[in-house]
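Q: Fold the following and give me the result.
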Amino acid sequence: MGGRGGGVELCLFDERGRERRARLTELTHEIWHGFVPGVLPGQRYGYRVHGRWDPWTGARWNPAKLLLDPYARAVDGDFALPPEVYGHVRDWPEQHVADTVRDDRDSAPYVPKGWSSTMADPTTNGRTTAGRRRPGRTR
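A: Numbering: from 1, shown residues only. As a prediction, the model looks like this:
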C-alpha cells in the first residue's frame, strides 16, 4: 500500500458487518501502521487507502473499495463480482471512458475480510503472541 497513497484506514467489522474505522498514522519504509486498542484475535478487517484518482498516470486510490490484507492469516467471507467491487464505473454510458470514472460505491459487503488469528502484545514490543511465520513458509 506504500507511501504514495494519502493515508490508510484500518476497517474493523463486527459480527453484523458494521464497520469501525481507525486511521493509521505512522508511515515507516512505505508501510502504514499504528496502534488500535481493543483489537482481539478473531477480528475481521480490511483496509481503505486514500489518495488521488488519476488513471492516466496509474493513480487509482479509492477509499470506497475495501482491500484485503495480503498477509492475513485467514480470510472470512465470499467474493463476488458485482459492479461495486471495481474501482471504476463499469456501467458508464460512454464505454470508451468508463475505466477512468471513479466508482464511489462501497465494496465492503461484496468482498472477504482478513481474520486475525493473533494480536500484538504491548509487553513484547509489538511481537505477536504466536510464533512468527512468513507467507509461503511452514514451521
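
Q: Please name the nearest non-neighbouring residue to D106.
A: The shortest distance from D106 to any non-neighbouring residue, by Cβ to Cβ, 6 or more residues apart in numbering, is to A64 (5.5 Å). All C-beta atoms are positioned from the backbone trio N, CA, C, and that covers glycine.

Q: ignore the last one, A72
A: Among residues not flanking A72 along the chain, G114 sits closest, at 3.2 Å (Cβ to Cβ, 6+ apart).

Q: tell me the average confidence for the host helix or strand of the one you found?
A: For G114, the enclosing helix or strand under DSSP states H and E is strand 113-115. Over the span of strand 113-115, the pLDDT mean works out to 95.

Q: so the residue nearest to D106 sits in a helix?
A: No: the assignment for A64 (DSSP: H, G, I helix; E, B strand; the rest coil) gives coil, which keeps it out of a helix.

Q: any idea how far the residue positioned nearest the centre of the chain is from W56?
A: Centroid check for the chain by Cα atoms, centre = their mean gives Y47 as the closest residue, at 2.0 Å. Using Cβ to Cβ, to the nearest Å, we find Y47 at a distance of 25 Å from W56.

Q: And the residue nearest to D106, how close does it get to G38?
A: Distance, A64 to G38, by Cβ to Cβ: 25 Å.
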